[in-house]
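Novice: Need the 3D shape of this:
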Amino acid sequence: MAPVGRVLGTEENTPLLFHVALLEGSYLQLDDVVVTIRAVPGVGPVMTAGIVTQVRARHEGASFGSDVFLIADGVLPAQVQEIAEITTTRVEPEVYVPPLPGEQVRRATGDERATALYFDMMDKRIPVGIGRDGNPIYVNLEFLDGTRGAHVSISGISGVATKTSFALFLLHSIFRCGVLGRAAVNTKALVFSVKGEDLLFLDHANSRLDEDKRAAYGRLDLPAEPFRSVGFFAPPLPDDISGQPNVASRKTGVAAFWWTIQEFCAGELLPYVFADAEDDRNQYTIVVHQVALRLRTDAVPAGADGAVSIDGQLVRTYSELVDLIVDRLTDEETRRDWAGPVTGAGTVNAFVRRLRSSLRSLRSLIRADLADSPRRKVSTADQQVTVVDLHNLPERAQRFVVGVVLAAETRRKEEAGPGSLLFTMIDELNKYAPREGASPIKEVLLDIAERGRSLGIILIGAQQTASEVERRIIANSSIKVVGRLDSAEAGRPEYGFLPPGQRARATLAKPGTMFVSQPEIPVPLAVEFPFPAWATRHSETAGPPPETAGPPSGSVPGQPGKPAPGTIPRNPFDLLPNPSDEVPPF
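Specialist: Below you'll find the model as predicted:
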């Protein structure tokens, strides 16, 4: 590769930061990868590789701002000089000496580029997009699957940063790039959807996917296909006893979910009703746990529909349960047993007011007036991707569902032991794990962030502002991704991993451009990820869900149908019944 310039001699160069004067007719842009080699006595050639983090151009020979006009007219002699700032990513061998002025600098390509970005050290690498040079960018699976780290944090402005789109592309890449091998069989994803019904068509091809957009997947050795094994869950219609899911755009293939009164009592789910962060700062949380214990011990199953009997009183609806609890707490004879021996009337009244306010939010989710259904429980067992649609629920109900489902999946993983992965994608993470306060949901998410890697639970959290999310969750995220940022947010210390130039660029980033930081590479990499191959709304659907199209999980990228060494020849999920297969063409 021909040189693009030489190491500058008029500014100090260090092993970690150096400058390059560009040759006439050559250029470097931000995010280009370059290398230079210095001969070190007693060591031999030492390669210093880095990424362009700033480029500036100036007139050499000009003294005043107005000289630019004289130079343009040929009156004043001067020369245009471009200077590129290079932040070192790798020194090989690790002899940290500065590049010498005058040494040639060239763009890194092929093996040199892979070495500069540590791709050669990644035994299992996952494509996450295309770099500025038009070549793939990868992340190391070992920092996702818990081997050396886990969890992903994605931040950016709502509607512009395409956080959800990137998270889904990351899941698609993990499942279909072939690095999971046999582990692909048991690798699952749990996706909580809070923004409309856009995620109810992940199993449909995108009608807007043209040949150019397909070519982007080809450059990453990924199939341009929708998700192949997806299960959809939505809350039931309120005030309806038919058990139909509350969705408008998709009529089949979606199961309604709810919890019976018996499950609510036996599972001590009452604390998740009080899941706001400010709740934990109030004394009535003592009453919450006392009442939950009474429900677990006193509720007796009363039929196959999930109703219970408490002290001889039949309870079939959440409203009836709330009324019973209020009666017990306001009755002088039973208050001591239900609220605790030293709980004052003010604390009990605060609990009662908060409990009654939950009626509108939760009465459609906690009930025993619907015919039982084998698919009413949210489960990741029968499909690779599970989508839980929450957009029709009030925020309080959304927090309840997320907390209860995550707690159940955590218990299931603890009982099953290590050996499989569950990627959990949560949008608006700041609602569930805010920086201040405590709540049952926050405790579950903190538990996942701090020990989830040992259980095989990987958190993919998306939020507009990382500064409003619990610090320990962000700190435990090995992979940090940033899209378009608000200028005030970009200045927060949570984005200290971004160089100053990238912080400024993050406020200008267009949709589809993300900055990806991972532990092995000291500089975040700018990537553009492909247009979704799956429909992101009803109007984009292009026919029925695929059945056997495309290469199976574990196939050799770019060679559909050819199993990779050590992998099974067919995706076992193709053999499972998928309720979404019933969806007719639109």
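Novice: any idea which element the residue in the chain sticking out farthest from the centre lies in?
Specialist: Distance from the C-alpha centroid of the chain, by Cα atoms, centre = their mean, peaks at residue 75 (57.9 Å). Per DSSP states H and E, residue 75 falls between elements, in no helix or strand.
Novice: What's the mean pLDDT across the longest strand along the chain?
Specialist: The longest strand of the chain (DSSP state E) is strand 44-60. On average, the pLDDT along strand 44-60 is 95.
Novice: buried stuff in the helix or strand encompassing residue 423?
Specialist: Assigned by DSSP H and E, residue 423 belongs to strand 422-426. Across strand 422-426, burial judged by 16 or more other Cβ atoms under 10 Å covers 422-426. Every residue, glycine included, has its C-beta placed from N, CA and C.
Novice: Redo the residues you listed as CSV? Include distance to residue 338.
Specialist: Shown next, in CSV, are the buried residues of strand 422-426 (distance: Cβ to Cβ, whole Å):
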residue, distance to residue 338
422, 37
423, 41
424, 35
425, 39
426, 34
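Novice: picking up where we left off before, direction included, what does the strand holding residue 423 pair up with?
Specialist: Sheet partners assigned to strand 422-426 using DSSP bridges are listed as strand 188-193 (parallel), strand 457-463 (parallel).
Novice: Helices of the stretch 401-550 of the chain, start to end?
Specialist: Taking DSSP state H, counting those that start in this stretch as the test, the helices found in the stretch 401-550 of the chain are 429-432, 440-455, 471-475, 487-490, 500-506.
Novice: Turn those helices into TSV, including distance to residue 513, mean pLDDT and mean neighbour count.
Specialist: Below are the helices of the stretch 401-550 of the chain laid out as TSV (distance: least, Cβ to Cβ, whole Å; pLDDT from 0 to 100; neighbours: other Cβ atoms under 10 Å):
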stretch	distance to residue 513	mean pLDDT	mean neighbour count
helix 429-432	21	90	23
helix 440-455	27	90	21
helix 471-475	21	93	17
helix 487-490	14	90	15
helix 500-506	9	89	19
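Novice: With distance to residue 339 as extra columns, can I get the ones you listed in CSV?
Specialist: Output for these, formatted as CSV (distance: least, Cβ to Cβ, whole Å):
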stretch, distance to residue 339
helix 429-432, 28
helix 440-455, 19
helix 471-475, 33
helix 487-490, 43
helix 500-506, 51
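Novice: show me the contacts for the closest residue in space to residue 371 that isn't next to it in sequence.
Specialist: Of all residues not flanking residue 371 in the chain, residue 243 sits nearest, at 6.2 Å (Cβ to Cβ, 6 or more residues apart in numbering). Residue 243 makes contact with 236, 256, 370-371, 373, 376 under the criterion Cβ atoms under 8 Å, 6 or more residues apart in numbering.
Novice: just residue 258 next, same as before
Specialist: With contact set as Cβ under 8 Å, 6+ apart, residue 258 has these partners: 235-236, 364-367, 370, 376.
Novice: Check the offset of the strand holding residue 423 from the chain's centre.
Specialist: Centre-to-centre, strand 422-426 and its host chain are 7 Å apart (Cα atoms, centre = their mean, to the nearest Å).
Novice: and residue 77, what helix or strand is that in?
Specialist: According to DSSP H and E, residue 77 maps onto no helix or strand at all.
Novice: Turn the contacts of residue 258 into JSON lines, including secondary structure.
Specialist: Listed next are the contacts of residue 258 as JSON lines, based on DSSP: H, G, I helix; E, B strand; the rest coil:
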{"residue": "235", "secondary structure": "coil"}
{"residue": "236", "secondary structure": "strand"}
{"residue": "364", "secondary structure": "coil"}
{"residue": "365", "secondary structure": "coil"}
{"residue": "366", "secondary structure": "strand"}
{"residue": "367", "secondary structure": "strand"}
{"residue": "370", "secondary structure": "coil"}
{"residue": "376", "secondary structure": "coil"}
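Novice: Name the spans of this protein whose pLDDT lies under the cut-off.
Specialist: When residues are selected by pLDDT under 70, those of the chain lie in 161, 276-282, 543-586.
Novice: ok, now how distant is the residue nearest the centre of it from residue 274?
Specialist: Central residue of the chain (Cα atoms, centre = their mean): residue 460, 2.9 Å from the mean position. Distance, residue 460 to residue 274, by Cβ to Cβ, to the nearest Å: 27 Å.
Novice: for residue 14, same thing?
Specialist: 54 Å.
Novice: the more surrounded of these two?
Specialist: Higher neighbour count among residue 14 and residue 274: residue 274, with 25 against 11, using other Cβ atoms under 10 Å.
Novice: you'd agree that one is up against residue 285?
Specialist: Yes - Residue 274 is in contact with residue 285 according to Cβ atoms under 8 Å; the separation is 6.8 Å.
Novice: quick check: domain ranges of this protein?
Specialist: 3-116, 125-254+377-582, 261-362 (automatic domain parsing).
Novice: what's the offset of the first one from the middle of its chain?
Specialist: Read it as domain 3-116. The answer for domain 3-116 is 36 Å, by Cα atoms, centre = their mean.
Novice: do the longest one as well
Specialist: With Cα atoms, centre = their mean as the basis, the distance from the averaged C-alpha position of domain 125-254+377-582 to the chain average is 5 Å.
Novice: Tell me where the stretch 151-300 of the chain has helices.
Specialist: 163-176, 211-219, 261-266, 285-298.
Novice: CA-only coordinates of the third one in PDB, if you can.
Specialist: Provided in PDB are the C-alpha atoms of helix 261-266 (Å, rounded to 0.1, in the frame of the first residue of the first chain):
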ATOM      1  CA  ILE A 261     -54.800 -14.700  41.300                       C
ATOM      2  CA  GLN A 262     -53.400 -18.000  42.600                       C
ATOM      3  CA  GLU A 263     -50.000 -17.300  40.900                       C
ATOM      4  CA  PHE A 264     -50.000 -13.700  42.200                       C
ATOM      5  CA  CYS A 265     -50.500 -14.900  45.700                       C
ATOM      6  CA  ALA A 266     -48.200 -18.000  45.700                       C
END
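Novice: quick one: buried residues of that helix?
Specialist: Applying a neighbour-count criterion of 16+ other Cβ under 10 Å, one finds 261-265 buried in helix 261-266.
Novice: How about residues contacting that helix?
Specialist: With Cβ under 8 Å, 6+ apart as the criterion, helix 261-266 contacts 269-270, 295-296, 299, 301, 306-308, 315-318, 321, 366-368.
Novice: Just the buried subset of those, please.
Specialist: Neighbour-count burial (16+ other Cβ under 10 Å) applied to the contacts of helix 261-266 gives 269-270, 295, 299, 306-308, 315-318, 321, 366-368.
Novice: Just the ones of these in strands?
Specialist: Residues of the buried ones among the contacts of helix 261-266 located in strands (DSSP E): 308, 315.
Novice: Quickly name whichever of the buried ones among the contacts of helix 261-266 is closest to residue 182.
Specialist: Each of the buried ones among the contacts of helix 261-266 was checked against residue 182 using Cβ to Cβ; the closest is residue 269, at 36.1 Å.
Novice: who are the neighbours in contact with the residue nearest to the centre of the chain?
Specialist: By Cβ under 8 Å, 6+ apart, the contact set of residue 460 is 151-152, 154, 167, 170-171, 423-426.
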